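K.L.:
Quick one, fold the following:
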Amino acid sequence: MALQWIDALKNALVDARAEYPIPSALKVALTIVGGICISSYVLSGMKLFFSTFVVGGKNLRKYGKPGTWAVVTGASDGLGKEFATQLASKGFNLVLVSRTASKLEALAAELEKKFAGKNLKTKVVSMDYSQDRDEDYQKLAREIEGLDIGVLINNVGQSHSIPVPFLETDANELQNIVTINCLGTLKTTRVIAPIMVRRGNGLILTLGSFAGWTPTPYLATYSGSKAFLQHWSTSLAAELKPQGVDVNLVLSYLVATAMSKIRRTSMMIPGPRDFVKATLSKIGSGGYQIASSTYTPYWSHAVFLWIVEKTVGPMSPTAVNINLKMHKDIRRRALRKAEREAKKN
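P.N.:
Numbering: from 1, shown residues only. As a prediction, the model looks like this:
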């Protein structure tokens, strides 16, 4: 019976095609459109492959000879500490900015000893970005006055302690995320960028997140703050490019840091050293992805991003629902762990 239905369907299609033939012009048009679509995917895939696995990014030496200064925010721990270490190894002097003066001073002493042969110089500026004090930014401006600054790493940031519904988000946590991630990054850049404009050369890297690339329920405030930085950074890049300053958003999935609360590395989750190494070696290499002046330096993150952008899309209901389910589950597990620890105590 099934075979009879199939034969009948085939005959009906043949009859329909004979009675209503597809115009030659439409066939040509459909062939051209199909060819363009396939070619765009192939070209994008080739850009991904070469950018990620073959070709390096812009050389850091473009932004200054050894002895040029780099400013790193959130420098005392995690990615910020690693950025400072790797920039020092490449001959950059450092302005280290973070909340805790003792940690900054210890890091400065450690790096000056480690890179004594490079005649490393450091400055430390302790400031609590959550307080949003004008005097802190004025102090930063005084400390960097007269320095030849070629690189700014906007690394300072805060996320939620655990995934949480927006309506249950602690008011202080909400305020701090927006103040630190958004205002802190903008105001620091307002202090540093004019120096780069005057010298006609510079690099501004702002740490983004997949949470800003695709909407992330249960991290709504953090997700929104990182989406803000994406649009701000891309806009700033267009403004400063004619003046010789390169601005890029560094887009990443998870990295094993204290903020992510992930300790073990994996194929999808690098440690700070590998992630920062990729970031500094792949500057400006994101020509295969949708957002302008954005790059995804770590290879597995880049492949994951490309697949999502070429299939369901990062803003699609499918992507949002997957994020929703994943972060609900993370929240459940975090709350159960907290309950177990509370019972032990």
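K.L.:
check contacts around Val276.
P.N.:
By C-beta atoms under 8 Å, 6 or more residues apart in numbering, the contact set of Val276 is Leu79, Glu82, Phe83, Gln86. C-beta coordinates here come from the backbone N, C-alpha and C atoms, glycine included.
K.L.:
State the three-state secondary structure for the nearest residue to Gly287 once chain neighbours are set aside.
P.N.:
Nearest residue to Gly287 in three dimensions, chain neighbours excluded: Lys47, at 5.3 Å (C-beta to C-beta, 6 or more residues apart in numbering). Under DSSP: H, G, I helix; E, B strand; the rest coil, the three-state class of Lys47 is helix.
K.L.:
Model confidence for Lys47, exactly?
P.N.:
Note on Lys47: pLDDT of 87.
K.L.:
does it really touch Tyr295, like I thought?
P.N.:
No. Here Lys47 lies out of contact with Tyr295, judged by C-beta atoms under 8 Å, at a distance of 11.5 Å.
K.L.:
neighbour count winner among those two?
P.N.:
Using other C-beta atoms under 10 Å as the criterion, Lys47 and Tyr295 rank with Tyr295 on top: 26 against 17.
K.L.:
Identify the bridge partners of the more buried one.
P.N.:
Val250 (DSSP bridges).
K.L.:
Could you give the number of residues near Pro242?
P.N.:
7.
K.L.:
who does the helix or strand encompassing Ser223 touch, helix- and strand-wise?
P.N.:
Here Ser223, judged by DSSP states H and E, is contained in helix 220-240. Packed against helix 220-240 by the contact rule (3 or more C-beta pairs under 8 Å, 6 or more residues apart in numbering; DSSP states H and E) you find helix 171-178, helix 185-199, strand 202-207, helix 210-213, strand 245-250, strand 294-295.
K.L.:
Check which helices and strands the helix or strand just after the last one sits against.
P.N.:
Using DSSP H and E, the helix or strand that follows strand 294-295 in sequence is helix 299-310. Applying 3+ C-beta pairs under 8 Å, 6+ apart, one finds that helix 299-310 makes contact with helix 24-49, helix 210-213.
K.L.:
List just the nearest of the contacts of Val276 to Ala319.
P.N.:
Nearest to Ala319 among those: Leu79, at 25.1 Å, using C-beta to C-beta.
K.L.:
So that closest one sits against Val255, correct?
P.N.:
Yes. Leu79 is in contact with Val255 according to C-beta under 8 Å; the separation is 6.7 Å.
K.L.:
which parts of the longest helix along the chain are buried?
P.N.:
Counting residues, the longest helix found in the chain (DSSP state H) is helix 317-344. Counting neighbours by 16 or more other C-beta atoms under 10 Å, one finds that the buried residues in helix 317-344 are Ala319, Val320, Asn323, His327, Arg331.
K.L.:
now for the residues you listed, which pair is the farthest apart?
P.N.:
Top of the distance list for the buried residues of helix 317-344 (C-beta to C-beta): Ala319 and Arg331, 18.7 Å.
K.L.:
got a list of what the residue nearest the centre of the chain touches?
P.N.:
Nearest to the mean C-alpha position of the chain, counting by C-alpha atoms, centre = their mean, stands Leu251 at 2.2 Å. Contacts here follow C-beta under 8 Å, 6+ apart; on that basis Leu251 touches 208-210, 212-213, 230, 286, 289, 291, 294-296, 301, 305.
K.L.:
Scan those residues and report the most crowded one.
P.N.:
Going by other C-beta under 10 Å, Thr296 tops the contacts of Leu251 with 31 neighbours.
K.L.:
Run through the residues that contact that one.
P.N.:
Applying C-beta under 8 Å, 6+ apart, the residues near Thr296 are Val250, Leu251, Ser252, Gly286, Gln289, Ala302, Leu305.
K.L.:
Let me have these in JSON lines, adding distance to Asn201 and pLDDT as columns.
P.N.:
What follows is the contacts of Thr296, written out as JSON lines (distance: C-beta to C-beta, whole Å; pLDDT from 0 to 100):
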{"residue": "Val250", "distance to Asn201": "19", "pLDDT": "98"}
{"residue": "Leu251", "distance to Asn201": "24", "pLDDT": "96"}
{"residue": "Ser252", "distance to Asn201": "26", "pLDDT": "95"}
{"residue": "Gly286", "distance to Asn201": "21", "pLDDT": "87"}
{"residue": "Gln289", "distance to Asn201": "25", "pLDDT": "90"}
{"residue": "Ala302", "distance to Asn201": "27", "pLDDT": "96"}
{"residue": "Leu305", "distance to Asn201": "29", "pLDDT": "96"}
